[in-house]
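Undergrad: Next input, structure requested:
(chains A and B)
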Amino acid sequence: MIYIRAFVVGGTLCALAQVVLDSTKLNPAVIMVSAACTGAILSGLGLYGALVSYAGAGAAVPLFGFGHTLVQGMMEDVAREGWFGLFTGGFRASSAALTGAVVFGYLMAVLFNPKG
Amino acid sequence: MPRANTREKEAYRKLSIKASPPRPILRNAVVAFLVGGAICLVGQIVLGWVSSTGIGRVQALSRTQTIMVFLGAFFTGLGLYDKLGGVAGMGAAIPITGFANSIVSPAMEFKREGFILGVSARMFQVAGPVIVYSFIASLLVSSAVLILTK
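TA: Numbers count the residues shown, from 1 in each chain, chains lettered A, B, ... in the order given. Now for the predicted structure:
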């Protein structure tokens, strides 16, 4: 059942990050950066693509999936247009999420005020 | 007041380690698992809904991530996501909703410093480093794959 796999895989990735946070002196921002970079490395090794096939959003929603999206986009563009794809694929593949982050992020920050 | 010397500092450090409660690593990990898993389950429901329109897999995943970014930004605006983050730690921060939270939360906070150097500059306090390092890592990884498989 894909919904259970998404829950378990997504939850496990978050729990791993939590264990790293609690057992090292790294701050949350460093762990978020590391998660995205780890996703890129696992994607290069061909592992993260398999995890996305297995767990769907459980692998695509955590930040690890962001690194995977970038590598996947770069490799697709490299296959199509050669090495210059390294400079186009990342933003192309992540364009929707990044545009959403900029537009929705700005909109919500303007519309709402901090509570408490 | 004189500052503590090295020996006193060391003694204090040992004492504070002994006196502070053990970090509840297992409990925190379980909460992160449950909350992170639940957010990914929501993502999977969104993915199922988006996929039902018959678009391709890659587009469906990209739309799902965008919708999750919207949800993260919206619930941060309502003041709920930061509360969730306080309880769930990485369970709330690692999903892409947490990425959105890291954008809206400081942007809202620094609105009093104006819309340029307040809101829009602070939006990328954490998201900026994530984008910078993930692009550099991805470019290095993709180059390595390109060279090794040639």
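Undergrad: so how far is residue B:114 from the residue nearest the centre of chain B?
TA: Centroid check for chain B by Cα atoms, centre = their mean gives residue B:93 as the closest residue, at 3.0 Å. Distance, residue B:93 to residue B:114, by Cβ to Cβ, to the nearest Å: 27 Å. No exception for glycine: its C-beta is placed from N, CA and C like everyone else's.
Undergrad: same check, this time on residue B:95
TA: Residue B:95 sits 31 Å away from residue B:114, going by Cβ to Cβ.
Undergrad: same deal with residue B:101?
TA: 22 Å.
Undergrad: More neighbours: which of the two?
TA: residue B:101 (27 against 11; other Cβ atoms under 10 Å in any protein chain shown).
Undergrad: Might you list the low-confidence residue ranges for chain A?
TA: By pLDDT under 70, the low-scoring segments of chain A are A:116.
Undergrad: nearest residue to the residue most central in space within it other than its sequence neighbours?
TA: For chain A, the residue nearest the mean C-alpha position is residue A:66 (2.2 Å; Cα atoms, centre = their mean). Nearest residue to residue A:66, sequence neighbours excluded (Cβ to Cβ, 6 or more residues apart in numbering or on different chains): residue A:36, at 4.8 Å.
Undergrad: What count of nearby residues applies to residue A:83?
TA: Residue A:83: 13 surrounding residues under other Cβ under 10 Å.
Undergrad: that older thread, which residues sit against the helix or strand hosting the residue nearest to residue A:66?
TA: If you go by DSSP states H and E, residue A:36 is part of helix A:28-44. Outside helix A:28-44, the residues that touch it by Cβ atoms under 8 Å, 6 or more residues apart in numbering or on different chains are A:13, A:17, A:20-21, A:26, A:48-49, A:51, A:62-68, A:70-72, B:89-90, B:93-94, B:98-99, B:102, B:126, B:129-130, B:133-134, B:137-138, B:141-142, B:144-145.
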